[in-house]
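S.K.: With the input below, show me the fold.
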Amino acid sequence: MAKAFTNLMNDRAAAEREKAGAILGMPSRFASASASLGMFRSLVYYGLPLDTWTTYTDKVGKVTARQVAAAAKKHLQPGAAVYVVVGDGSTPVIVHEGGADKPLLRDGKPVTVRQALDELVAAGTLGKGGLLIVDADGKPLP
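M.R.: Below is the predicted model:
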């Protein structure tokens, strides 16, 4: 997992996509009166200056992939993380290759999310924990 995370942080195109998404999605955060109030409340809650949103896009635009990688290395501990995956485990894993999204194939067959998670747990890639699968009511499944 740490290797995959490092690869993502070193992917300049991925970093640029994330920055563009954060910048271009900014207006939607203020799409309604209640959304605007929520944004104001977040400033107050986190003790941020009231002009935070007026400088946000400029600041995000100046962030480099190297800065993101350094911050991730300093603050994130992939082996101690808890991962919550919600959805249909029989869904195929999709990878982005050569500018297109494609199903991840192994021996010519699509790899499902459940198979990929089982492999990560078996390899110990995600740390010491295990895989707990629950039904829609939160009851563990065999």
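
S.K.: And the strands in this protein?
M.R.: Listed in chain order, the strands found in the chain under DSSP state E are 94-97, 100-103, 105-106, 109-110.

S.K.: Can you tell me which of those is most buried?
M.R.: With neighbours taken as mean count of other C-beta atoms under 10 Å, the strands of the chain reach their highest mean count in strand 109-110, at a mean of 13. For the C-beta atoms, the positions are set from N, CA and C on the backbone; glycine is no exception.

S.K.: and that one, what other elements does it pack with?
M.R.: With contacts taken as 3 or more C-beta pairs under 8 Å, 6 or more residues apart in numbering; DSSP states H and E, strand 109-110 sits against no other helix or strand.

S.K.: Now tell me what touches it from outside.
M.R.: Pro92, Val93, Pro103, Leu104 (C-beta atoms under 8 Å, 6 or more residues apart in numbering).

S.K.: Would you quantify the distance from the second one to Thr125?
M.R.: Just to be clear, that refers to Val93. Distance from Val93 to Thr125, counting by C-beta to C-beta, to the nearest Å: 14 Å.

S.K.: And these two? Which one has more around it.
M.R.: Between Val93 and Thr125, counted using other C-beta atoms under 10 Å, the more crowded position is Val93 (17 against 14).

S.K.: measure the more buried one to Val113 for me?
M.R.: 6 Å.

S.K.: Quick one: the helices in the chain, in order.
M.R.: Secondary structure of the chain, counting by DSSP state H: helices at 2-9, 12-24, 33-46, 52-62, 65-75, 113-123.

S.K.: Which of those helices comes out lowest on mean pLDDT?
M.R.: For the helices of the chain, the weakest mean pLDDT is recorded on helix 2-9, namely a mean of 54.
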